[in-house]
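Engineer: Next one to model:
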Amino acid sequence: AKARGFLSPITIVDQLHPRTKVRGFKFGDNKLPTIYVTGGKSGALFLNKLIYEIFDDLIKGFNIIWQCGPSNIDYNYSFLRSFIDAKDKSIKDRVILKKYFSEEEIGNVFKTADIVLSRGGAHTIYELAVLKKPSVIVPIPWASNNEQYKNSIILKSAGIAEVLDQNNLKSNDLLKVLIDMFNDLGKYQLNENAKFPLNGSKLVSNEIIKLIKT
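Structural biologist: Predicted structure coming up:
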């Protein structure tokens, strides 16, 4: 039998669908913007280190939602938890630190975030595009075929991202980019011609039904 294949948009969890109503997180009564930091499973260490180095400056102007990943090496959850717990309560109350956010939580995370700092995995890029979230992307340089860089450029071309090279990135440079992005947030609007369909699940289901019937 001849192999069959088809191209489908990436599917996203229901909690991230624009039609899904989520509440978001509250950081007391403060009106500061919120940054969501996520490095995924294999790319968190570098981003964790950068945020650790600029934390005292970053927290002056942002609330921070920080998904630090499962790593047991440097800048892991235990190390970062101790670091944050040593801060004044007024600072601790403006940081949410977790290894992971569940599917049930992730909608609230993105609802709350004004800016996202992330790697350039395909699913993450697609989710950011669908949600139209201004983002700073640091692609993993060792990704196969430079895949993450290519994904990131798609988001930058769509108008809502800045892409930074890990090999040349210093923590203070990242801080400047994040502050500059927030100060000019209106600039980061999804281009009208950028299309990111939301019917991936339906297309996959239809194709499976077709295969079953043949």
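
Engineer: Quick check: residue 131 touching residue 110?
Structural biologist: Yes: at 5.5 Å, residue 131 counts as touching residue 110 under the criterion of Cβ atoms under 8 Å. Bear in mind the C-beta positions are built from the backbone N, C-alpha and C, glycine included.

Engineer: What segments of the chain are strands?
Structural biologist: All strands of the chain, identified by DSSP state E, fall at 34-38, 63-67, 95-98, 115-118, 135-137, 161-163.

Engineer: got the contact list for residue 32?
Structural biologist: 61, 62, 63, 94 (Cβ atoms under 8 Å, 6 or more residues apart in numbering).

Engineer: Now that we have these, which of them are buried?
Structural biologist: 62, 63, 94 (16 or more other Cβ atoms under 10 Å).

Engineer: What count of nearby residues applies to the closest residue to residue 189 other than its chain neighbours?
Structural biologist: Using Cβ to Cβ, 6 or more residues apart in numbering and skipping the chain neighbours, the partner closest in space to residue 189 is residue 159 (5.7 Å). Using other Cβ atoms under 10 Å, residue 159 is surrounded by 17 other residues.

Engineer: who are the neighbours in contact with residue 159?
Structural biologist: Applying Cβ under 8 Å, 6+ apart, we find residue 159 in contact with 188, 189, 190, 191, 194.

Engineer: ok so, going back, would you list the strands of the chain in a markdown table and tack on mean pLDDT?
Structural biologist: Output for the strands of the chain, formatted as a markdown table (pLDDT from 0 to 100):
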| stretch | mean pLDDT |
| --- | --- |
| strand 34-38 | 97 |
| strand 63-67 | 97 |
| strand 95-98 | 96 |
| strand 115-118 | 98 |
| strand 135-137 | 98 |
| strand 161-163 | 98 |
